[in-house]
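Got a sequence here, can you model it:
(chains A, B, C and D)
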Number of protein chains: 2
Amino acid sequence: MSTASYHHGNLRQALVDEAVAVTRESGPDAIKIRDLARRVGVSHNAAYGHFANRDDLMAAVADHAYQRLVDAMHRRVAAVDTVDPVLRARRRLAQIGRAYVEFAVAEPGLFRAAFTAPSRGDTLASAAGPYALLGSALDELVDVGFLSPAARPGAEVTCWSAVHGFSDLNIDGPLASASPDVRAATLDHVLVSIDRSYAATTGSTVSDSDILES
Amino acid sequence: MSTASYHHGNLRQALVDEAVAVTRESGPDAIKIRDLARRVGVSHNAAYGHFANRDDLMAAVADHAYQRLVDAMHRRVAAVDTVDPVLRARRRLAQIGRAYVEFAVAEPGLFRAAFTAPSRGDTLASAAGPYALLGSALDELVDVGFLSPAARPGAEVTCWSAVHGFSDLNIDGPLASASPDVRAATLDHVLVSIDRSYAATTGSTVSDSDILES
DNA sequence: CTCGCCATCTTGACAGTGTCAATTTAATCG
DNA sequence: CGATTAAATTGACACTGTCAAGATGGCGAG
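So this is what the prediction gives:
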């Protein structure tokens, strides 16, 4: 549309697509500018017309990955149709966590790309990002009286840390070789644990593991 | 000692030392075999007499980093001299977590080296590793009746995920630009949250944040 | 004391890589 | 139809990891 050129219809997009494919296959470190150019059928460093350098291209891949992650989270949150307000809020939080880990395990390359990318601290906390999504889920928990307002500040970080750490340990950490069954069971455990730690802030009596449904 | 050679007293160790220095300064990706050789005053690929390849050298750095981490954890656990058994066990767990994050933030390069290293899943769960240390701290929590035996399985992972994720987010994630004060406060929040989630398993009544002392 | 062994280190080469500078190409507009 | 101009190419440079041979020198056997 805007920039179509002679040899290649839309080189920039083609490069990003190929980079995403490589990243999904072998992780972000496997991205090589020359290799990308070769795959797209263009000569080496044609990419430099569209990206300042390798890191710039990686940032584009990171954006893509990031969007995929946010989409997955939204999808899972939207699938929660529980009527009871408290249970619904708790289940939504759990689904956010589940979507996060699910994405990390299903797309380790993209997940890594999203968080390994250099110098993009601002995009992460943007209004559309997972930080905001997580934030409103936690607000909802406060509104329905499950989470104490006093415990609200910093709750994003606690929550995010748990799922992010679990993801990392499952990707190339010591849990990478765990079986899917074990992994799933442990994830449930993590999600319940988060729920429980918030329940304790208002002394809510809780029937544990029914938050795992949607 | 074992392998001393003519030109260089102990090349292997010198290379590892230099690699550790580079890693502390600029992270594991900054390790270049040729550069290391140059620094040590030896010609390029002299290193190949002592290491199969770059990854092999990185693994040595990872071992070093790993040992440092375990030492830091041991130190902090040993510093807990509380007499009350329950409080002592809870504080020990908190100190383990604190040591972990402290190390990650103070030595991000080494921390990354320890977990980014290729193909070393077994060393991590070894008897002397942090996994074992964490495990015995959790056993202690069960023994004193703070953590329900039913909630014991998988507790390592939940706990480890929280501190590992927090570390990662603080190193190059969205929390990397947080001030030390904010970081410290948030860490306290994470540690209390872990404690709280375990307290809930036995319905223990808990005075929250005095577990943060040693 | 000397000679040969052998681990250790060096020299040289090759295939890749990111990136810069100068050049060519072709699509578009006056 | 010719000039402008963005887009892509060619060529070069400084790096990197790694392999294959050659040089070196300490150490033990004779």
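
so what's A:Ser148 up against?
For A:Ser148, the residues meeting the contact criterion (CB atoms under 8 Å, 6 or more residues apart in numbering or on different chains) are A:142, A:201-202. Every C-beta, even on glycine, is put in place using the N, C-alpha and C of the backbone.

Who are the contact partners of A:Val101?
Taking CB under 8 Å, 6+ apart as the definition, contacts of A:Val101 comprise A:163, A:166-167, A:170, A:187, A:190.

thinking again about what came up before, which ones among the contacts of A:Ser148 map onto helices?
Using DSSP state H, the subset of those located in helices is A:142, A:201-202.

Please produce a PyMOL select command covering the buried subset of those.
The following PyMOL line selects those of the ones in helices among the contacts of A:Ser148 that are buried, judged by 16 or more other CB atoms under 10 Å in any protein chain shown:
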select buried, chain A and resi 142+201
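
got the ones in helices among the contacts of A:Ser148 as CSV, with pLDDT and distance to chain B columns?
As requested, the ones in helices among the contacts of A:Ser148 are exported to CSV (pLDDT from 0 to 100; distance: CB to the nearest CB, whole Å):
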residue, pLDDT, distance to chain B
A:Val142, 97, 15
A:Thr201, 87, 7
A:Thr202, 88, 12
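
Kindly reformat the ones in helices among the contacts of A:Ser148 as a markdown table containing distance to A:Ser177.
Converted to a markdown table, those look like this (distance: CB to CB, whole Å):
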| residue | distance to A:Ser177 |
| --- | --- |
| A:Val142 | 39 |
| A:Thr201 | 36 |
| A:Thr202 | 39 |
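
measure A:Val163 to DNA strand D for me?
With distances taken as CB to the nearest atom of the strand, to the nearest Å, A:Val163 is found 34 Å from DNA strand D.

unless I'm mixing things up, that residue is touching A:Val190, no?
Yes. In terms of CB atoms under 8 Å, A:Val163 counts as a neighbour of A:Val190; the distance is 7.0 Å.

Which strands or helices does the lengthiest helix in chain A pack on?
Counting by DSSP H, the longest helix found in chain A is helix A:54-78. Applying 3 or more CB pairs under 8 Å, 6 or more residues apart in numbering or on different chains; DSSP states H and E, one finds that helix A:54-78 makes contact with helix A:11-26, helix A:33-40, helix A:85-106, helix A:108-116, helix A:121-124, helix A:130-143.

Low-confidence ranges, chain A, go.
Using pLDDT under 70 as the threshold, the predicted model of chain A has low-confidence ranges A:1-8, A:118-127, A:206-209.

That one - how does it break down into domains?
Each structural domain of chain A that the record assigns through automatic domain parsing is listed here as a residue range: A:1-51, A:59-212.

Packed most tightly, which of those would that be?
domain A:59-212 (a mean of 19; mean count of other CB atoms under 10 Å in any protein chain shown).

Compute the first-to-last residue distance for that one.
One end of domain A:59-212 to the other measures 34 Å (CA to CA, to the nearest Å).

Which neighbouring residues are in contact with the residue of chain A at minimum distance from chain B, exactly?
Closest residue of chain A to chain B, CB to the nearest CB: A:Gly165 (2.6 Å). With contacts taken as CB under 8 Å, 6+ apart, A:Gly165 has the following neighbours: B:160-168.

I'd like the distance between it and A:Ala137.
When CB to CB, to the nearest Å is the yardstick, A:Gly165 and A:Ala137 sit 19 Å from each other.

Okay, and the residue of chain A closest to chain B sits in which element?
Following DSSP states H and E, the helix or strand that holds A:Gly165 is helix A:155-171.

before we move on, back to that, ok, the residue of chain A closest to chain B to A:Ile171 distance?
11 Å.

swap in A:Leu133?
When CB to CB is applied, the distance between A:Leu133 and A:Ile171 equals 21 Å.

One more: A:Val142?
When distance is defined by CB to CB, A:Val142 is 32 Å away from A:Ile171.

how about A:Asn45, phi and psi?
When quoted as degrees, to the nearest 10, the phi and psi of A:Asn45 stand at phi 50, psi 20.

phi, psi of A:Glu213?
phi -80, psi 170.

So A:Ile31 sits against A:Ala19, correct?
Yes. With the criterion set as CB under 8 Å, A:Ile31 and A:Ala19 qualify as a contacting pair; they are 5.3 Å apart.

which residues do the two both contact?
Overlap between the contact sets of A:Ile31 and A:Ala19, as judged by CB under 8 Å, 6+ apart, is given by A:57-58, A:61.

Work out which residue lies at the spatial centre of chain A.
Taking CA atoms, centre = their mean as the criterion, A:Leu69 is the residue nearest the geometric centre of chain A, at 3.9 Å.

need the contact list for the nearest residue to it once chain neighbours are set aside.
With CB to CB, 6 or more residues apart in numbering or on different chains as the criterion, A:Leu69 has its nearest non-adjacent residue at 5.1 Å, and that residue is A:Phe103. With CB under 8 Å, 6+ apart as the criterion, the residues that contact A:Phe103 are A:68-69, A:72-73, A:110-111.
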